[in-house]
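A.B. asks: give me coordinates for this.
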Amino acid sequence: MAEGGEREELLSPSPVSPAKRLCSWPSPQAHHSRGSPGAASGGVGGVGGSCLAPGARPHLQPESLLDCAAKTVAEKWAYERVEERFERIPEPVQRRIVYWSFPRNEREICMYSSFQYRGGPGAAAAGGAAGALPAEEGPPPPPGAAAPTSSAPGAAVAGASPGLGTAAGAAGSGGEALPFRRGIRLLDSGSVENVLQVGFHLSGTVTEPATTSEPAVTYKVAISFDRCKITSVTCGCGNKDIFYCAHVVALSLYRIRKPEQVKLRLPISETLFQMNRDQLQKFIQYLITAHHTEVLPTAQKLADEILSSNSEINQVNGAPDPTAGASIDDENCWHLDEEQVKEQVKLFLSQGGYYGSGKQLNSMFAKVREMLRMRDSNGARMLTLITEQFMADPRLTLWRQQGTSMTDKCRQLWDELGALWVCIILNPHCKLEEKSCWLQQLQRWSDLDVCPLEDGNYGHELPNITNALPQNASHSPDSLSRPRRTVFTRAIEGRELHWQDSHLQRIISSDIYTAPACQQESERLLFNSQGQPLWLEHVPTACARVDALRSHGYPKEALRLTVAIINTLRLQQQRQLEIYKHKKELLQRGTTTITNLEGWVGHPLDPIGCLFLTLTEACRLNDDGYLEVSDMNESRPPVYQHVPMATGCPNSHESYLSLALEVALMGMGQQRVMPEGLYAQDKVCRNEEQLLSRLQELQLDDELVQTLQKQCILLLEGGPFSGLGEVIHRESVPMHTFAKYLFSALLPHDPDLSYKLALRAMRLPVLESSTSTGDTSHPHHMVSVVPSRYPRWFTLGHLESQQCELASTMLTAAKGDTLRLRTILEAIQKHIHSSSLIFKLAQDAFKIATPTDSSTDSTLLNVALELGLQVMRMTLSTLNWRRREMVRWLVTCATEVGVRALVSILQSWYTLFTPTEATSIVAATAVSHTTILRLSLDYPQREELASCARTLALQCAMKDPQSCALSALTLCEKDHIAFEAAYQIAIDAATGGMTHSQLFTIARYMELRGYPLRAFKLASLAMSHLNLAYNQDTHPAINDVLWACALSHSLGKNELAALIPLVVKSVHCATVLSDILRRCTVTAPGLAGIPGRRSSGKLMSTDKAPLRQLLDATINAYINTTHSRLTHISPRHYGEFIEFLSKARETFLLPQDGHLQFAQFIDNLKQIYKGKKKLMLLVRERFG
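C.D. replies: All right, here's what the predicted structure looks like:
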């Protein structure tokens, strides 16, 4: 903001440059009064002298009255006003005013040459912000706001400033390329030369040192300044950026740190006035001669205009002087390249969140906040430029036309934009006309169709910023009846807010403001029982006031208002607790409609985060001059100390740090309904995580632990107002993440309270029925405040995972405590409804219970087993792609527990596993050699396990013989009775639903075990289930058919004779039949060596049974296959077909009259398919 009553019009800058005001020369009498030409070369700051008087010792001597006055005038008044106010100004006074007009604070140079400078608490009020606030506009300025401008010259020039550079230079190598740090290096290396200050203009040269690839380059730098602000910069490097280049930084720091080495001259108009006509002519001719190629055309043009009596130049009194400072009407603000701001924002928006553009835009927002904190008018100016580019983003129109929502990153940027405008509107330092101008601009933006809505695509009604929460809010289902709220609506609503309330003025003006001894009736509501002031306003709105004070450089006032708000919240919490205790019975019957319509966590104004930061900043131990560059260098973790609370109550021993913890716990523990929409719900989660990350930076000492315990007890007893209370709304935001922090923080100090709180927070009522309970000891009550609807919780997966994390944290902490583990187990089984998450918990518990470097914890291991059993029951009848992994893990877990656990799951398999899982995985693993060795089982234990496995196998085989018969036979091998029973089950099921592949597999197993006749029987049953078509010559069952025929052939002629009719009936593929026929004629049957049987040793003839039947079937198959293939044959398959006929001829020739049959077959083909001339030609060539 402007100082000394000269406030800038932010949205309508003056067209006249501050460096170009017209300077009228005074009368000769006034000239003489300023001093003779001789005086100009001597005295204080004479011509050729330095900025400081000779022999001045600023570190040891107090400031002169001249310097005190000149310093104040230089900061507050435009030089033109000084000239108008005083007819005669002594030259020494002029010199001191000009000297003190240059900026004195390196923080301001840093602010305009790097992203996000973050100094200590004092930085908020530093530099250029010392004006008093009008009583009707806002609070008085914070005490000491003008301190930087009233310090000794040495402190401002040579004392504190180098410290800033040193700290900034040592802040890590991540930001060494920043212009500010590069400027410091250039200054320290002696690269700044030829520095000259002429009036309000500073010039010099800065040399970039040579590198291995580039020679040294010298740049000319020029800086104009006015009222301790740099108003324009020019550098030969051609810098194109928002911020000043390193050369401008180096020259500015040179002027701040080494003012005694800077030659100082009065404005050039003053020097010219001291010359006579001859001197002026000589001066001009020498100037033209030195720069004739550049200025000669301009010089001639000006000469022509001056010699013309009617020219415009002769109609104006005086002439411009770029070194004479600004005029009264000029805008007094730091130089900001508006075009570069627009270009940079446009570029970042066009990148759509890629290449770190989101971080860059957030850094620009942080820069706006920094400017506001320094009370720099460019803060609002820069925000206006950013907003214009945001509104011009072509994606807004595209998203609106397509009906799609903007990306999350983009929504976050818009939210921050809206919050910053709320800060601007609530600025207690601005004029009413400035506020009106901003509001008009915001309204124009808000009225545009493309302006984003406050809650994305979901238009549910939110409370107005200027009103408290309605007690009987009506929720209209008609979206058309709801007001259209854009991201700027809250800022526009701020027009109704002012700072004129006398109670508010007293709160922010004094730390000792308390209730008067004799209170009027109207005043009783303004103070608590201890006499501390309260601020009764809609909480987010009150916090927006705090943010505005804090953002505009009023940290003490923000702190006082924060304390008043927290006292109000405490009183509300106490009254809510009393109401709940009196109406507890009614609440338990579900007759209440009490809940919080607007949550503080995830709110667009972030009220809790604002209060927390305001309090912790007052307690932060900071090294002044630390330059934080968040996107380049990791910030240092903050260190806090207890700062006693300044209060009018003598018995209060609280600190701001404990108050920060308390308000954070209050806000996050507030019970609130989950908002509608993906973005709003995701924002709740993000905001909660941000607050918790800040809480985790606090080192909990005894005082903070006491605050933590007290607040946790209040939250547990808070009823429907607390998210951890007994009464909870079905759609209340879960407390899992918050409770996890509380549990970990409280556990070392109060284990009982920490477990009670975490167990209470385990509930997730949106997934539970209305008849479920809220915790293990109290009923769970459904509190209805909105029309009944099925909630759309887009973040439900994340919330469930947080619930799982809370449970896992408790399990880890309770290791070895049987009672607590049992309670936690019951809570998990009751409240977690995802089998995958319970399985994760079981795995976590198993890992913790079985560490590699210590003994196993049996209590936690049993919990892991119980959770695993629950997972089995939950997923038994549902599809889960991890089911097989879960079953294997459970068997491993049961093995670790012991033999009794294995026996138990074997005996109760039907409630846990499918028959296939029970036989192929569970039972097989339980009786494996590895398990026996792992458990070191003795013989009775091995027998018990084997008996249970056999019983399980027979039960599974009866229930699902198709899948379990083979596994049952395998498990029952060592017990004859059980094996026979399993075999009989397989035989009985063979006529039912078993497939040929299953039967063939069992038959092969029987042969492998030495039961060839049983294998033959099963193979025969399998053949009756098979049907092999003529063209299925690659069917997977072919090997089984060949094996079955080989088995029957090896058993004897009778078995072969019994199988061949089944083969003929089931197999119609000619090549397979011919292969079987060939194998049967190679060796004699009956070579299996079965006891009681003898082989004849004779080969079987194809002319006799049973091979004759097989031969005829094979020939018929060849004939049928030939006709089938010829129906759709193509020329490229002719060669393959001829080879097929060659194989057919081999089969035809087996009987005595076979050649005649084959010849007749070929003749028939020629006759029937004579149209296929080329093919028939090939047939004649091969077969005649």
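A.B. asks: could you report the neighbour count for L361?
C.D. replies: 25 (other C-beta atoms under 10 Å). In short, each C-beta sits where N, CA and C put it, glycine included.
A.B. asks: scratch that, T1127 is what I was asking about
C.D. replies: T1127 is flanked by 8 other residues according to other C-beta under 10 Å.
A.B. asks: dump the residue contacts of it.
C.D. replies: Neighbouring residues of T1127 by C-beta atoms under 8 Å, 6 or more residues apart in numbering: there are none.
A.B. asks: would you mind measuring from it to Q532?
C.D. replies: Look at T1127 and Q532: by C-beta to C-beta, to the nearest Å, they are 102 Å apart.
A.B. asks: do E703 as well
C.D. replies: 19 Å.
A.B. asks: neighbour count winner among those two?
C.D. replies: Remark: of E703 and Q532, Q532 carries more neighbours, 22 against 15, as counted by other C-beta under 10 Å.
A.B. asks: quick one: mean pLDDT over stretch 995-1003.
C.D. replies: Mean pLDDT, stretch 995-1003: 93.
A.B. asks: buried ones in it?
C.D. replies: 996, 998-1003 (16 or more other C-beta atoms under 10 Å).
A.B. asks: tell me which residues are up against that stretch.
C.D. replies: In contact with stretch 995-1003 (C-beta under 8 Å, 6+ apart) are residues 962, 965-966, 969, 986, 990, 1014-1019, 1021-1023, 1025-1026, 1036-1037, 1040, 1043-1044, 1047.
A.B. asks: which of those are buried? Put it as a ChimeraX command.
C.D. replies: Per 16+ other C-beta under 10 Å, the buried members of these correspond to this ChimeraX selection:
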select :962,965,966,969,986,990,1014,1015,1016,1017,1018,1019,1021,1022,1023,1025,1026,1037,1040,1043,1044,1047
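A.B. asks: now, which of the contacts of stretch 995-1003 lie within helices?
C.D. replies: Counting by DSSP state H, the part of the contacts of stretch 995-1003 found in helices is 962, 965-966, 969, 986, 990, 1014-1019, 1021-1023, 1040, 1043-1044, 1047.
A.B. asks: pull the CA atoms of stretch 637-648 into CSV?
C.D. replies: Extracted in CSV, the C-alpha atoms of stretch 637-648 (Å, rounded to 0.1, in the frame of the first residue of the first chain):
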residue,chain,number,x,y,z
PRO,A,637,12.4,-28.2,9.3
PRO,A,638,11.0,-25.4,11.5
VAL,A,639,12.0,-25.2,15.1
TYR,A,640,9.5,-23.8,17.7
GLN,A,641,9.7,-22.5,21.2
HIS,A,642,7.0,-21.7,23.7
VAL,A,643,6.1,-18.1,23.7
PRO,A,644,3.9,-17.0,26.7
MET,A,645,0.5,-15.7,25.6
ALA,A,646,0.1,-12.0,26.0
THR,A,647,-3.1,-11.7,27.9
GLY,A,648,-4.9,-9.5,30.4
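A.B. asks: who's in contact with it?
C.D. replies: Under the criterion C-beta under 8 Å, 6+ apart, residues 511-514, 531-532, 560, 563, 616, 618-621, 652-659, 697-699, 701, 703 lie in contact with stretch 637-648.
A.B. asks: which of those residues are buried?
C.D. replies: So, by 16+ other C-beta under 10 Å, the buried ones in the contacts of stretch 637-648 are 513, 532, 560, 563, 616, 618-620, 654-659, 698.
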